[in-house]
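Enquirer: What follows is a predicted structure for the sequence shown.
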Amino acid sequence: MSHETLWAPWRLGYVQGSVLELPCEPLAWRTHACHSCFLCRAASAPEHAQALGVVDSSPLSLVVLNRFPYSNGHVLVAPVDHLSTLEDLSDEVLLDLQKELVRWCAILKKVLGAEGFNIGLNLGTVSGAGVPGHLHWHIVPRWSGDVNFMPSIAGTRVLPQSLATLWESLTEARCESHPSSKNPSSLWAKG
């Protein structure tokens, strides 16, 4: 069996625990939000959707660009509430999250031409969860040949698009797939 390696050297700062400035203080925090959690911050600050990488939200879930992506289009799908285990999710929230996973795979396929996806959920610190208190699924788009010579020869991974440009493309596609929304903050419901 052959194995592929998906290199992501730009993630080193994250892995080493480098402190990142948390941008954009929300005007009002959601009830029970963890103020040090970037997902709670994103769920609480619709006025800063682009700066926080929020490409979509509903009263129950949000979709955020990963600031340390494994590939172009790497997004996170999370409940808006700070919940750490699957058992904490109501049936309604769990169904909403699963529907968002399906919808965002379709959007990423349409916008980026993704040929496949890795979808994962790390529960607990020992499993690799970077934010163990706020569970979230990773959707990592994949393409034939996306593991090529650049990482092995040059130690470099090529991401063909900036996060800002990706945000524009994905929010536009989201609006096409969800016509009632004009921007990410239009779907927010404070809780």
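Expert: The structure has been received and is ready for your questions. Numbers count the residues shown, from 1 in each chain.
Enquirer: Summarise which helices and strands the host helix or strand of residue 93 is packed against.
Expert: Residue 93 belongs to helix 91-112 when assigned by DSSP states H and E. Counting contacts by 3 or more C-beta pairs under 8 Å, 6 or more residues apart in numbering; DSSP states H and E, helix 91-112 packs against strand 61-65, strand 75-79, strand 116-121, strand 137-142, helix 163-177. C-beta coordinates here come from the backbone N, C-alpha and C atoms, glycine included.
Enquirer: which stretch among the ones you listed comes nearest residue 31?
Expert: Closest to residue 31 of these, according to C-beta to C-beta: strand 75-79, at 13.4 Å.
Enquirer: what stretches of the chain score poorly on pLDDT?
Expert: Across the chain, the ranges flagged by pLDDT under 70 are 1-23, 147-161, 178-191.
Enquirer: Who does the most centrally placed residue in the chain form a beta bridge with?
Expert: The structure's the chain has its C-alpha centroid closest to residue 76; by C-alpha atoms, centre = their mean the separation is 2.1 Å. Residue 76 has the following beta-bridge partners by DSSP bridges: residue 64, residue 138.
Enquirer: possible to save the helices and strands packed on helix 91-112 as TSV with distance to residue 43?
Expert: Formatted as TSV, the helices and strands packed on helix 91-112 follow (distance: least, C-beta to C-beta, whole Å):
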stretch	distance to residue 43
strand 61-65	5
strand 75-79	8
strand 116-121	18
strand 137-142	15
helix 163-177	16
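Enquirer: The ones you listed: which one's closest to residue 34?
Expert: Closest among the helices and strands packed on helix 91-112, using C-beta to C-beta: strand 75-79, at 12.3 Å.
Enquirer: in the closest one, what counts as buried?
Expert: Using 16 or more other C-beta atoms under 10 Å as the test for burial, strand 75-79 gives 75-79.
Enquirer: what's the spacing between the nearest residue to residue 81 once chain neighbours are set aside and residue 122?
Expert: Excluding the flanking residues, the one nearest residue 81 by C-beta to C-beta, 6 or more residues apart in numbering is residue 32, at 6.5 Å. Counting by C-beta to C-beta, to the nearest Å, the gap from residue 32 to residue 122 is 22 Å.
Enquirer: Looking at the two, which is more packed in?
Expert: Applying other C-beta atoms under 10 Å to residue 32 and residue 122 shows that residue 122 carries more neighbours, namely 16 against 10.
Enquirer: excluding its backbone neighbours, what's nearest that one?
Expert: residue 129 (4.0 Å).
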